[in-house]
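In: Sequence first, predicted coordinates after that:
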Amino acid sequence: MSDSTLQTALGTFELLPLHWHPRSPLRAWNAADELLLEQVAGNALPPTARVLVVNDQSGALAVALHGWQPHSWNDHVTSQLALAQNLARNQLPPDAVRFIPADTAPDGTYDAVLLQLPKTLSLLEYQLVTLRAHVHPQTQIVAGGMVKHMSSSMIELFGQLIGSTRTSLAQKKARLVFATFDPALAPTLPTPTRYPIPGTPLQLLNHANVFSQQKLDIGTRFLLENFPDLNSANSILDLGCGNGALGIFAGWKFPQSALHFVDDAFLALRSARESFALNGLSNAVHFHASDALEQFSGTVDAVLCNPPFHEGNRMHTEIAARMFRGAARHLSSHGTLTIVANRHLDYRPLLQPNFRQVKLLTGNSKFVILGASGPKAR
Ligand SMILES: C[S@@+](CC[C@H](N)C(=O)[O-])C[C@H]1O[C@@H](n2cnc3c(N)ncnc32)[C@H](O)[C@@H]1O
């Protein structure tokens, strides 16, 4: 059996993660997915049951459960793209699973909810409180996660927000959490956090799961304090915008520029949209859910980026590399990319294949700001 073949009591499926290549042989599922699927297979779920899968990273749960035409509720465009590819890989129609972005509530009442534990407690809290309006006391609510990433606070949240909870024994380093809906609990949705950008009248609003939910990231702050002169830029794009800190600051400084905000996460884009509205800026503005710039079309004069460098618990720069390639492809010939990065991550080798000039603009003991111009992809 290859690393792309998932064998379950529900069937055998060919699955690959998005951007799979032979030198980074990641699997499209983990042991927690296998336990969740075993649970469904052992429970004789009726064929008419309404099924919701949550945080299904590469579509493994949804593809394996396709017979129930499940809904998939998820914060990432990259998961939506992986799901589409894996449905096609198994000769299943695109509408066998309905994808629901995390900034929208699921649709109707479900008889089974299978949830992969997310990385952040804030997302879990938001999801569990939202789910209450979409389950009934008999709904099978089962969560799965790898033991090393499963904290006691996560398990406690199920008790506080859903109802009585028990956990399974660990198997293959994964565990399940079973929760029974208690209609008497009345938790409220967490309110988005808000904080100012120091030295400006600007405020940022943050929904669950957003990078730097409680305060401005110090790398972001360093870039705001050493901001490029974009006076002549007709359009500015905030790539991996999170709450929109970089683009909103740019819009405030350069009110004539049109702004584009791009992120993979729907709750990040919602935060950027609401942050933009909160500050009464007059710039023309567009929001794009995209994997790097792969779903973006158009040309801009400046790109600002504080690249992500963690995925799950692994350090890696593969997303940053795709972002830089995308920036070169979508910048006008006189356009510039400005990035802030931890000093220990040398991004120059990733920038140089895409830009004629790459300059160190400034730095401190922790961060560097690099400016790249002369995009080569034109
Ligand atoms: C380091 S955070 C920076 C957020 C914001 N620009 C700031 O400075 O506070 C990186 C952002 O990249 C986004 N991201 C991660 N992978 C992405 C991808 N494949 N495509 C687009 N955005 C992505 C994350 O959701 C996150 O908001």
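Out: Nice, thanks for sending it over.
In: Contact partners for S297?
Out: With contact set as Cβ atoms under 8 Å, 6 or more residues apart in numbering, S297 has no partners. C-betas here are computed from N, CA, C, even on glycine.
In: Near the ligand, which residues of this structure are found?
Out: By the rule Cβ under 6 Å from any ligand atom, the part of the chain lying against the ligand is 78, 211-212, 217, 220, 240-242, 245-246, 263-265, 268, 291-292, 306, 308, 319.
In: So which of those are in strands?
Out: D263 (DSSP state E).
In: you'd agree P201 is in a helix?
Out: No: secondary structure assignment (DSSP: H, G, I helix; E, B strand; the rest coil) places P201 in coil, not in a helix.
In: Number of residues surrounding it?
Out: When neighbours are counted by other Cβ atoms under 10 Å, P201 registers 9.
In: What separation do you get for it and E274?
Out: 17 Å (Cβ to Cβ, to the nearest Å).
In: which helices and strands sit right next to the strand ranked longest in the chain?
Out: Secondary structure of the chain per DSSP E: the longest strand is strand 331-342. In terms of contacts (3 or more Cβ pairs under 8 Å, 6 or more residues apart in numbering; DSSP states H and E), strand 331-342 is packed against helix 218-225, strand 300-305, helix 318-330, strand 367-375.
In: related to what we said a few turns ago, pull out the buried members of the residues of the chain next to the ligand.
Out: 78, 211-212, 220, 240-242, 245-246, 263-265, 268, 291-292, 306, 308, 319 (16 or more other Cβ atoms under 10 Å).
In: Let me know the next secondary structure element after the longest strand of the chain.
Out: helix 348-351 (DSSP states H and E).
In: For that following helix, the averaged confidence score.
Out: Mean pLDDT, helix 348-351: 96.
In: Dump it to PDB, restricted to CA.
Out: Listed next in PDB are the C-alpha coordinates belonging to helix 348-351 (Å, rounded to 0.1, in the frame of the first residue of the first chain):
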ATOM      1  CA  ARG A 348      17.300  36.000  -0.400                       C
ATOM      2  CA  PRO A 349      17.800  32.600  -2.200                       C
ATOM      3  CA  LEU A 350      14.000  32.400  -2.600                       C
ATOM      4  CA  LEU A 351      13.700  36.000  -3.900                       C
END
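In: just checking, what packs against that helix?
Out: helix 318-330, strand 367-375.
In: okay if I get those as JSON lines plus mean pLDDT?
Out: Below are the helices and strands packed on helix 348-351 laid out as JSON lines (pLDDT from 0 to 100):
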{"stretch": "helix 318-330", "mean pLDDT": "96"}
{"stretch": "strand 367-375", "mean pLDDT": "98"}
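In: Alright, I will stop here.
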